[in-house]
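Asker: Provide a 3D model corresponding to the input given below.
(one chain, ligands or ions: 2)
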Amino acid sequence: MRTCNVFNIERFATEDGHGIRTVIFLKGCHLKCKWCANPESQKQQSEILLKVNACISCGRCQTICREKAIFFDSEYGYITDSKKCTLCMDCVEGCYRNAREVIGKKYDETELLNEILCDEKYFKMSGGGITFSGGEPMRYYKLIDSIANQMTARGYNTLVETCGYAPTKAFAAIKDSVDYIYYDFKQFDSRKHKELTGVGNEKILENLEWLCQNYKGFLAVRYPYIPGCNGDQDSIHNFFRYMTKLQNVQEIIFLPYHRLGITKYQGLGRKYEMGELPAIRKAELSFLKEEAKKYGLEIKIQ
Ligand code: SF4
Ligand code: SF4
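Answerer: Numbering: from 1, shown residues only. Ligands and ions are numbered 1, 2, ... in the order given. So this is what the prediction gives:
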């Protein structure tokens, strides 16, 4: 039986795709984007997150832990060393403030489908379905393919949000079962891409080009606009130029930089690499619409 590690299930989502959606966030990603808003998604295995705003630094969890996996960090508080932690849950249950949380829950395919189908009436009334997000959901492509087929059989749709870093055979496996693919594009220059995310972009571009040739569903490309990383003129124009060469991309979406993940970095005892860089409002990116028009492209800013 195929299994996956889920770190969040968001219900009643309406942002991407059609209708009311249930979003399944799957754990594990090869990339380590500096601005990642879900740092708890990056490791495949489950881990303990400290909710820094709820913690009163009483130190009880450190006393409880038999593995001596909890250490006090003067900047972040009572952080867990995931190499020592056995996920016994003693500290989670022993914290009176509910300030410790296990990130990640294993599901097999049947359990996940049953969880999804709790929302079936909303899919039915709205024309919605499910979204696999992450992390990088394509790590679990066989499970996605199987669940997507079962959704189709019931008349609901499936969307996958991907960073594109996966074997091409993974995309080949889901191309007929998944209705929408939202594909992230971070930087055209592979050397810079590696500095920003930890990996070069060759495989990502190769898969995107493969999808443009072979995928018959709805393909959107999303560009997270991050000043200092990919917001300069060269990066933007290289992206637009590349987009003019691709066929079958049905939507190009810019996502303004935000800072919503910061407390999660703190709760994992990790430094937030973007420092004090201020968040961007949608309106600040409206100039990109004019730039895109110069290439004959239309974009959305989300
Ligand atoms: S996580 Fe809970 S038990 Fe640990 S120091 Fe904070 S409040 Fe105390
Ligand atoms: S889950 Fe168990 S092993 Fe892990 S930090 Fe908490 S008490 Fe220690």
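Asker: Can you say which helix or strand has the residue of the stretch 151-300 of the chain found nearest ligand 2 in it?
Answerer: Of all residues in the stretch 151-300 of the chain, the one sitting closest to ligand 2 is Gly269 (12.1 Å; C-beta to the nearest ligand atom). Backbone N, C-alpha and C define where each C-beta goes, glycine included. Per DSSP states H and E: Gly269 is located in neither a helix nor a strand.
Asker: so it touches Ile79, yeah?
Answerer: Yes. Assessed by C-beta atoms under 8 Å, Gly269 is found in contact with Ile79 at 3.5 Å.
Asker: more crowded one of those two?
Answerer: More crowded of Gly269 and Ile79, by other C-beta atoms under 10 Å: Ile79, with 22 against 18.
Asker: State the helix or strand in which the more buried one lies.
Answerer: Using DSSP H and E, Ile79 sits in strand 77-80.
Asker: And the helices in the stretch 151-300 of the chain?
Answerer: 168-174, 190-197, 202-214, 233-245, 262-267, 287-293 (DSSP state H, counting those that start in this stretch).
Asker: would you list these in CSV and tack on mean pLDDT, mean neighbour count and distance to ligand 1?
Answerer: Putting the helices of the stretch 151-300 of the chain into CSV (pLDDT from 0 to 100; neighbours: other C-beta atoms under 10 Å; distance: least, C-beta to the nearest ligand atom, whole Å) gives the following:
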stretch, mean pLDDT, mean neighbour count, distance to ligand 1
helix 168-174, 98, 18, 38
helix 190-197, 98, 17, 31
helix 202-214, 98, 17, 38
helix 233-245, 98, 15, 41
helix 262-267, 96, 20, 10
helix 287-293, 98, 14, 43
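Asker: Can you add distance to Thr14 and give the ones you listed back as TSV?
Answerer: As requested, those are arranged in TSV below (distance: least, C-beta to C-beta, whole Å):
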stretch	distance to Thr14
helix 168-174	23
helix 190-197	28
helix 202-214	25
helix 233-245	26
helix 262-267	23
helix 287-293	23
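Asker: so which of those helices gets nearest Ile48?
Answerer: The closest of the helices of the stretch 151-300 of the chain to Ile48 is helix 262-267. By C-beta to C-beta, the value is 8.8 Å.
Asker: touching ligand 2 at all, the closest one?
Answerer: No. Counting by C-beta under 6 Å from any ligand atom, ligand 2 is not contacted by helix 262-267; separation bottoms out at 13.0 Å.
Asker: center of the chain - which residue?
Answerer: Gly134 (3.4 Å; C-alpha atoms, centre = their mean).
Asker: if you skip the residues just before and after it, what's nearest to that residue?
Answerer: Excluding its sequence neighbours, the residue lying closest to Gly134 (C-beta to C-beta, 6 or more residues apart in numbering) is Leu26, at 4.9 Å.
Asker: Noted, bye for now.
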